[in-house]
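A.B. asks: Any chance you can model this:
(one chain, ligands or ions: 1)
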Amino acid sequence: MSRPPLKRILLKLSGEVLMGEGSGLSIDPAMTGRVAQEIADAKSKGFEMCVVVGGGNIFRGMAAAARGFERASADYMGMLATVMNALAVQNALEQIGVETRVQSAIPMASVCEPFIRRRAERHLEKGRVVIFAAGVGSPFFTTDSGAALRAAEMKCDALLKGTSVDGVYTADPKTDPNATRYDTVSYDTVLAKNLKVMDASAVALCRDNNIPIIVFNIREQGNLARVLAGVGTATVVGN
Ligand code: UDP
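C.D. replies: Numbers count the residues shown, from 1 in each chain. Okay, here's the model as predicted:
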């Protein structure tokens, strides 16, 4: 298994990526601006960029349900959080001159466009970055599943999962000193060993549609460009 040739990318950013380190802000302008610059750099190199943003920096349905919220309502709140993050990323991109559109799986006419696949396609053709918000639009899912679904619908060459670790490990490297990083690993191994990549439904959707998942550390400056050039440290999940 080697790194696939890439043209159209789906970049999945977990909400936590937008948090400042030490600023205490759930959406830190400096962090959001840095991520936006990485997306802009990728676009200027000719990559077509779709982005899916999570909401975990603001609200997670499952955690709220554990505190007594009704799960479906909590999940809708989580989805609304992803729309806030999508607007933050849009704002940061437009501040540096990148044209964008936000499309939400939950229609919100005054705030952004609804998700319309053909329209998203047109935006990409025109060189815009398309940011998909609200996951799949249904509770009991996550934005990882939203990312896998949009990657399949938009025929992306890969799903790039930007996290705070530099790939997929045999065990949690923070707690197990013997944990080693995979360069490549199969979807089936990820599912069988329950490795922390994305949730199982997202991994299965990527497997069934043959979409490689590239896991890399987005917190390290310039890493998106390195990974797109095939030189950065990352783990490729594929067949
Ligand atoms: N969510 C949902 N359906 C979706 C996507 C997200 O219900 O299709 C809710 C869910 O409560 C989730 C929250 O939105 O916890 C935020 O998304 P996620 O946890 O995936 O964000 P991330 O971990 O990537 O920051």
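A.B. asks: Could you find the closest non-adjacent residue to residue 137?
C.D. replies: Spatial nearest neighbour of residue 137, excluding adjacent residues (Cβ to Cβ, 6 or more residues apart in numbering): residue 105 at 3.1 Å. Glycine gets a C-beta too; all of them are placed from N, C-alpha and C.
A.B. asks: Tell me if the longest helix along the chain is near the ligand.
C.D. replies: Counting residues, the longest helix in the chain under DSSP state H turns out to be helix 71-95. Yes: applying Cβ under 6 Å from any ligand atom, one finds helix 71-95 in contact with the ligand at 74, 75, 78, 79, 81, 82.
A.B. asks: Quick one: which of the residues you listed is the most crowded by neighbours?
C.D. replies: residue 82 (29 neighbours; other Cβ atoms under 10 Å).
A.B. asks: So what's the residue count around the closest residue in space to that residue that isn't next to it in sequence?
C.D. replies: Among residues not flanking residue 82 along the chain, residue 55 sits closest, at 3.9 Å (Cβ to Cβ, 6+ apart). Other residues near residue 55 come to 29 when the count uses other Cβ under 10 Å.
A.B. asks: Okay, residue 55 and residue 75: tell me how far apart.
C.D. replies: 10 Å (Cβ to Cβ, to the nearest Å).
A.B. asks: and the longest helix of the chain, how far out from the chain's middle?
C.D. replies: 13 Å (Cα atoms, centre = their mean, to the nearest Å).
A.B. asks: What residues sit buried inside it?
C.D. replies: Within helix 71-95, the residues scored as buried using 16 or more other Cβ atoms under 10 Å are 74-93.
A.B. asks: same question, stretch 129-145
C.D. replies: Neighbour-count burial for stretch 129-145 [16+ other Cβ under 10 Å]: 129-137, 139, 141-145.
A.B. asks: Stretch 104-121 too?
C.D. replies: Buried-residue list, stretch 104-121, by 16+ other Cβ under 10 Å: 104, 105, 106, 112, 113, 115, 120.
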